[in-house]
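A.B. asks: got a sequence here, can you build the structure:
(one chain, ligands or ions: 2)
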Amino acid sequence: MSTTNQALADWVKQVAELTQPDSIYWCDGSEAEKQKFNKMLLADGTFKKLNQDTHPDCYLHLSDPQDVARVEHLTFICTENEADAGPNNHWMAPEAAHEKMDGLFAGCMRGRTMYVIPYCMGPIDSPIARCGVEITDSAYVVQNMRLMTRMGDAALARIEREGGFVKGLHSIGELDPDRRFIMHFPEELSIQSFGSGYGGNALLGKKCHALRIASYQAKTEGWLAEHMLILGIKTPAGTQHYVAAAFPSACGKTNLAMLIPPEGYVKDGWEISTVGDDICWMRPGEDGRLWAINPEAGFFGVAPGTSKGTNPNALAMLYKDTIFTNVAETEDGQPWWEGLDDRTPKTDWKGRPFDAANGPAAHPNSRFTVSAKRCPSYSPEMESATGVPIDAIIFGGRRASLVPLVAEARNWNHGVLMGATVASETTAAATGAVGVVRRDPMAMKPFCGYHFGDYWGHWVDMQTKADHLPKVFTVNWFRKNDQGKFMWPGFGENMRVLEWIIGRCTDQLQARETAIGYLPEVKDINTDNLDMDLAVLEQLLTVDVDAWKTEVNSVEAFLKEYGDRVPSALFEELLAVDNHLG
Ligand code: OXD
Ligand code: MN
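C.D. replies: Ligands and ions are numbered 1, 2, ... in the order given. Take a look at the predicted model:
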């Protein structure tokens, strides 16, 4: 097979000359191809069959123990001008990066097959979607891309119709951490990744294309590529709303994306649907609203902690057609991870007999890869070419104190400030030290393909591109009391906060104006059937003026780290907060 797209044909030929594969295989995306690859991966030991009675078509892959996560210190943005990559990225000059990568790729596919994967990020017929081609020597990557993207003939046909595509070149090399680099060339719309087979480093459609390269494209073209879930919320009156939400890791993003509302809400007719769990591309529509697609087709989620209690929808989708990476196995060949249930696994993620002395049975970053269609809360709107209109953007962090349960931005720029200052806080429990605040603007710290100052400027500029931008909110599920106990129940109960947000978006609820934005009246948070002291809720909705004064100073110092590219609008909003605090 080949292609009528000359640029693609030339590139594949050039890569083959460099990498010297034994053969070249163009992926067509068919069911027959999927079966063929599964057989091949079983035969060479990359996949192990899990219990086919309880988990039909589920496979286990145990990776190289040194290749289990993204490698931010080896991830580079290679722009001509160093300043354009910003202090938020590692930078390498494109020429030097190409020289280094050419050296690594030279001859690296000898004795291997080179797979060409045409893929589309987003529904094939969506004008918001974009195509790419990943060349890889890993059949495991092919099987993951099959679940995570629309890949094969349909994507190739679109590339041949449209012309443009993002070039992604990947080789597992020798899986040597000392010969591992993830390079991005935003100005060339290309990615080169060597030495890792881990999802975030190797499934180039995901973080590399859909966030780092796409965020750069989005700035150039006037849209947004964000690290956000997309959630559908249908009210008992039958009105459909959509929210997009950004959370740093370990803040319950996948759980929120698949939330099951409390029983009373379900009885009343509220419905939650999942459009996306990780990435959101938003474009201004003719109506002035932001229209969003999930560029992905599947979920690449963290397994540990997923259970009937925390995320029943996620658990339900993992019984069929799923690839598990680095989880443990039970006696009867079922996948297992910490937090799943109280069984004891037989083997751990290194394939050894389980021994608690060796640490967790499943790697803490062990993953499942599964088609989004397997999720009980899957929204058919995931296939919509126009995408879904976003009513609210939510930024969440993990703050043990200070940040209220929910607050609404006064205006768009204030919302951008809220997003730019998202933070997670860890407590050094052993020493009793104060929480360390780690800022993760828009949860994009590892994923923004250019200078954060320019990125915030682009967010501010969206006002000139769309007349009906979503309202912006911050949420914080993680406040703790003096005894170190969580004050808000979280999980499905977060629905109560979503109801308030929808009430604000539809002008059905009043709010109190405070120095840090609009906050709910305690009475406006629905506490039906919730065993919660209203005094605690009141605490969660109180602004501590002194603590916020300190926060304002911390935010100012943080923004200044990004130099003179930070839009003045953010400092003006910060000053407004400061003035309101008195
Ligand atoms: C992810 C991440 O894997 O954000 O989604 O790291
Ligand atoms: Mn993510």
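A.B. asks: from here on, just use CA atoms for contacts and neighbour counts.
C.D. replies: Noted.
A.B. asks: look up phi and psi at residue 298.
C.D. replies: When quoted as degrees, to the nearest 10, the phi and psi of residue 298 stand at phi -150, psi -180.
A.B. asks: which residues in the stretch 351-500 of the chain form strands?
C.D. replies: 367-371, 388-389, 392-396, 406-408, 423-426, 436-439, 471-475 (DSSP state E, counting those that start in this stretch).
A.B. asks: hmm, who's touching the last one?
C.D. replies: Outside strand 471-475, the residues within contact range by Cα atoms under 8 Å, 6 or more residues apart in numbering are 391-397, 403-409, 411-412, 415, 418-419, 501, 505.
A.B. asks: please identify the helix or strand for residue 501.
C.D. replies: helix 495-505 (DSSP states H and E).
A.B. asks: helices and strands around that helix, which ones?
C.D. replies: Under the contact criterion of 3 or more Cα pairs under 8 Å, 6 or more residues apart in numbering; DSSP states H and E, helix 495-505 touches strand 392-396.
A.B. asks: out of the contacts of strand 471-475, which end up buried?
C.D. replies: Buried by 16 or more other Cα atoms under 10 Å: 391-397, 403-409, 412, 415, 418-419, 501, 505, out of those.
A.B. asks: which stretches of the protein have low pLDDT?
C.D. replies: 1, 426-434 (pLDDT under 70).
A.B. asks: show me which strand runs longest in it.
C.D. replies: Taking DSSP state E as the criterion, the chain has its longest strand at strand 113-121.
A.B. asks: name the surrounding residues that touch that strand.
C.D. replies: 12, 16, 21-28, 129-139, 142, 149-153, 155-156, 205, 210, 295-296.
A.B. asks: so of these, which ones are in helices?
C.D. replies: 12, 16, 139, 142, 153, 155, 156 (DSSP state H).
A.B. asks: what's the neighbour count on the second one?
C.D. replies: Here the neighbour count serves as a burial measure; for residue 16 (other Cα atoms under 10 Å) it reads 20.
A.B. asks: picking up where we left off before, from the ones in helices among the contacts of strand 113-121, pick the one nearest residue 260.
C.D. replies: Using Cα to Cα, the shortest approach to residue 260 within the ones in helices among the contacts of strand 113-121 belongs to residue 142, at 32.3 Å.
A.B. asks: how far away is that closest one from residue 214?
C.D. replies: 21 Å (Cα to Cα, to the nearest Å).
A.B. asks: and the helices in the stretch 201-350 of the chain?
C.D. replies: 214-221, 253-257, 263-268, 312-317 (DSSP state H, counting those that start in this stretch).
A.B. asks: quick revisit: direction included, what does the longest strand of the chain pair against?
C.D. replies: Partners of strand 113-121 in the sheet, by DSSP bridges, are strand 23-26 (parallel), strand 130-136 (antiparallel), strand 150-151 (antiparallel).
A.B. asks: ok, residue 297 touching residue 372?
C.D. replies: Yes: in terms of Cα atoms under 8 Å, residue 297 counts as a neighbour of residue 372; the distance is 5.8 Å.
A.B. asks: list the contacts for residue 318?
C.D. replies: Going by Cα under 8 Å, 6+ apart, residue 318 touches 55, 368, 370, 374.
A.B. asks: neighbour-wise, which one of those residues leads?
C.D. replies: Going by other Cα under 10 Å, residue 370 tops the contacts of residue 318 with 27 neighbours.
A.B. asks: now that one. Nearest residue, chain neighbours left out?
C.D. replies: Using Cα to Cα, 6 or more residues apart in numbering and skipping residues adjacent in sequence, the residue nearest residue 370 is residue 322, 4.9 Å away.
A.B. asks: how close does that neighbour sit to residue 364?
C.D. replies: 18 Å.
A.B. asks: out of those two, which sits in the busier spot?
C.D. replies: Using other Cα under 10 Å, the more surrounded residue of residue 322 and residue 364 is residue 322, with 23 against 19.
A.B. asks: which ones are touching that one?
C.D. replies: So residue 322 contacts 57, 58, 59, 368, 369, 370, 371 (Cα under 8 Å, 6+ apart).
A.B. asks: roughly how far does it sit from residue 344?
C.D. replies: Residue 322 is 22 Å from residue 344, by Cα to Cα.
A.B. asks: of the contacts of residue 322 - the most surrounded one?
C.D. replies: For the contacts of residue 322, neighbours were counted using other Cα under 10 Å, and residue 370 has the most, 27 neighbours in all.
A.B. asks: what residues are up against that one?
C.D. replies: 147, 148, 298, 299, 300, 317, 318, 321, 322, 323.
A.B. asks: report the buried members of those residues.
C.D. replies: Judged by 16+ other Cα under 10 Å, buried ones among the contacts of residue 370: 147, 148, 298, 299, 300, 317, 318, 321, 322, 323.
A.B. asks: the first one and residue 297: what is the separation?
C.D. replies: Using Cα to Cα, one gets 6 Å for the distance from residue 147 to residue 297.
A.B. asks: for residue 164, which non-adjacent residue is closest in space?
C.D. replies: Using Cα to Cα, 6+ apart, the nearest residue to residue 164 is residue 131, at 7.4 Å.
A.B. asks: on that earlier part again, what angle separates the helix holding residue 501 from strand 392-396?
C.D. replies: Angle, helix 495-505 to strand 392-396, by axes from the mean of the first three to the mean of the last three Cα atoms, to 10 degrees: 140 degrees.
A.B. asks: contacts for the helix or strand just after helix 495-505 next, please.
C.D. replies: Sequence-wise, the next helix or strand downstream of helix 495-505 (DSSP H and E) is strand 512-514. Outside strand 512-514, the residues that touch it by Cα under 8 Å, 6+ apart are 518, 519, 520, 521, 543, 580.
A.B. asks: could I have the CA atoms of stretch 215-231 written out in PDB?
C.D. replies: Coordinates of each C-alpha in stretch 215-231 appear next as PDB, following Å, rounded to 0.1, in the frame of the first residue of the first chain:
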ATOM      1  CA  SER A 215      -1.700  24.200  21.500                       C
ATOM      2  CA  TYR A 216       0.800  25.900  19.200                       C
ATOM      3  CA  GLN A 217      -1.500  25.400  16.200                       C
ATOM      4  CA  ALA A 218      -4.400  26.700  18.200                       C
ATOM      5  CA  LYS A 219      -2.600  29.900  19.100                       C
ATOM      6  CA  THR A 220      -1.700  30.500  15.500                       C
ATOM      7  CA  GLU A 221      -5.300  29.800  14.300                       C
ATOM      8  CA  GLY A 222      -7.500  31.200  17.100                       C
ATOM      9  CA  TRP A 223      -8.700  28.200  19.000                       C
ATOM     10  CA  LEU A 224      -7.800  26.300  22.200                       C
ATOM     11  CA  ALA A 225      -6.200  22.900  22.700                       C
ATOM     12  CA  GLU A 226      -6.600  22.100  26.400                       C
ATOM     13  CA  HIS A 227      -5.900  19.400  29.000                       C
ATOM     14  CA  MET A 228      -9.600  19.100  29.900                       C
ATOM     15  CA  LEU A 229     -12.400  16.600  30.300                       C
ATOM     16  CA  ILE A 230     -15.800  17.300  28.600                       C
ATOM     17  CA  LEU A 231     -18.900  16.400  30.600                       C
END
